[in-house]
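**Student:** can you look at this prediction? I've put the sequence above it.
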Amino acid sequence: MSASLASILLLWPGLAHADPEGDWALAATRRALIAAEAPMTLGGADRSPLTLALAADGLTGPRLDAFTALTSPGLPGDHGVALTAGGFVRLAVGDGRTQGLLGDAEPGLLSPRLGVSALAVSPWWEVKAQAQGWLDVGGGVSASAPVMAAWAGLRRGPARVGFGIEPRVLGPGRHSALLLGDDARPFPAGSAAVEGEVGRLGVARAELAMGWLQRPRRDVNRPGIIVMDARWRPKPWVEVGASRVGQFAGEGRPWPGVGELLLPLDPHIYGDPDQLEADSNELASIDVQLLAPLGWAHPQAETLAVYWQYGGDDLIVDDSGAVPIPRLAGVANLFGAELSAGPLVLNVEYARLMDDYFRWYTGHRVYHEGFTQDGRSLGHVNGGDSQTWWGRVGWVTPAWGVVLMTEQVRRVEVVEVLQDQVFTAMTEERRHRYGLTVMVAEPTRGRLELDLSTERLLGGDFVPGADERLNRAAVTYTAPMWRPTL
């Protein structure tokens, strides 16, 4: 096995995107699993192809089998090791904004990309990694080769424990998420999770992860980050979840106590002008997803999903009573719906993170860059102080697909807050974005995808009259998965 591992550069082929909703084949596989009522939770952070393959193990159906042939890595036998390798090549042209590419802004007018990956799995452990080569041409030439994933851990039955870098998307959102999304570089963390059926109580999942933000910052370098998630799917048609992401410590900063780290009842520090005491920065949310099977209405119909995520950007503790009660502040909401009917998929999603005082991802006392990497939000793709409408309609089969998308974004900039009075910039930033994706696929030949987008930007960076048209075209070829015999 070591010779085979040494002959490739590590992971799985869906590496152009972070999660199933960014990769059209993985998204279709996930919808087929929902329609098949697979015993899995839907909003957990780990949505890798391996997780979907394990959920699909033992399930059959023409549509599910056809998509898993494109997306599923090899699964080991009782005593063997399965190795899967793949890669992609993408060529992007234009100045349009990227989304969901793990922090890749493609800043050049010409941006070729090369990605390679591999996954090794046994009945007891998993090892994966993912590397990319970036080249950007336009106003100069720059090149880099970031590691986008590198993970090793144990995975047995319902338990998964490990450490490394891997993409994380948390919550029910299809387009984005309030706490953790796929628009920024993933961070290193150790994680312990358990997920499985609990008798007649359905399927439950719990995870605790802790790591740090490794990218250069202008506030506190290498701040710690903690992720807590619990969700329960008592029946195939409903899932509820509660999640939290916290920021703490970092270079030159003291650690909070263990109790305050796990449940921050006192995150705000007063009377500390030199900012020397332990501080924290919090995001928390609850979510609900309802799924209605539609097979009774039409043979091709699969599922109607509606979902809601409600979050707060900090904890305010009401200690006026005998027992301190934590409450969410600076609330945000995300609503969405998805209709899956055979190859047809319809989506609509609305997110409002418009609490100017708290600013959600940025603006905290010590961690003023907040939950960001390289200026990109770890949560929603459009950041805080924004409203987003997103929709898509697609016709997706295992052999080909066409998807139309639109996104309408409104953003405001907070200038100052005085005595609870919020002062914003005179000009709002508005984006009107439209996209077309066309794809073809065949398990032995790989996948080819064409993405076209155009965007009208009004008041860019909140400057009056800063209007422009942004365009982007990208062609991505994802190689067929290589599954050598070990």
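**Tutor:** Received it, and whenever you're ready, just let me know what you need.

**Student:** residue 410 belongs to a strand?
**Tutor:** Yes. Counting by DSSP: H, G, I helix; E, B strand; the rest coil, residue 410 falls inside a strand.

**Student:** nearest residue to it other than its sequence neighbours?
**Tutor:** Excluding its sequence neighbours, the residue lying closest to residue 410 (C-beta to C-beta, 6 or more residues apart in numbering) is residue 387, at 4.6 Å. Any C-beta I mention is one placed from the backbone N, CA and C, and that applies to glycine too.

**Student:** name the element that neighbour belongs to?
**Tutor:** Here residue 387, judged by DSSP states H and E, is contained in strand 386-396.

**Student:** ditto for residue 65
**Tutor:** Assigned by DSSP H and E, residue 65 belongs to helix 62-71.

**Student:** just to revisit the earlier point, confidence score at the residue nearest to residue 410?
**Tutor:** At residue 387, the predicted lDDT confidence score is 95.

**Student:** specify the beta-bridge partners of it.
**Tutor:** Per DSSP bridges, the residues bridged to residue 387 are residue 352, residue 410.

**Student:** quick check: it touching residue 354?
**Tutor:** Yes. The criterion here is C-beta atoms under 8 Å, and residue 387 meets it with residue 354 at 5.9 Å.

**Student:** for the nearest residue to residue 391 once chain neighbours are set aside, give its distance to residue 43.
**Tutor:** By the measure of C-beta to C-beta, 6+ apart, the closest residue to residue 391 outside its immediate chain neighbours is residue 348, 4.6 Å from it. Here the criterion is C-beta to C-beta, to the nearest Å. By it, residue 348 lies 18 Å from residue 43.

**Student:** what do you get for residue 445?
**Tutor:** In terms of C-beta to C-beta, residue 445 sits 34 Å off from residue 43.

**Student:** what of residue 270?
**Tutor:** 35 Å.

**Student:** poorly predicted segments of the stretch 301-450 of the chain, please.
**Tutor:** Applying pLDDT under 70 to the stretch 301-450 of the chain flags residues 301, 314-319, 324-328, 356-358, 417, 419-420.

**Student:** switch the cut-off to 90
**Tutor:** Across the stretch 301-450 of the chain, the ranges flagged by pLDDT under 90 are 301-303, 312-331, 341-342, 354-360, 362-366, 384-385, 412-426.

**Student:** that older thread, if you count what's nearby, which of residue 270 and residue 43 comes out ahead?
**Tutor:** residue 43 (25 against 8; other C-beta atoms under 10 Å).

**Student:** first to last residue in stretch 241-259, what's the distance?
**Tutor:** Across stretch 241-259, the terminal residues are separated by 22 Å (C-alpha to C-alpha, to the nearest Å).

**Student:** report the outermost residue of the protein with respect to its centre.
**Tutor:** Using C-alpha atoms, centre = their mean, the residue of the chain lying farthest from its centre is residue 322. It sits 39.5 Å away.

**Student:** secondary structure of it: a strand, I assume?
**Tutor:** No. Note on residue 322: no strand contains this position according to three-state DSSP, which reports coil.

**Student:** can we start the residue count at 300 from this point?
**Tutor:** Sure, I'll start counting at 300 from here, so that last one is residue 621.

**Student:** residues touching it, list them.
**Tutor:** For residue 621, the contact set (C-beta atoms under 8 Å, 6 or more residues apart in numbering) is empty.

**Student:** torsion angles phi and psi at it?
**Tutor:** The phi/psi pair for residue 621 (degrees, to the nearest 10) reads phi -70, psi -30.
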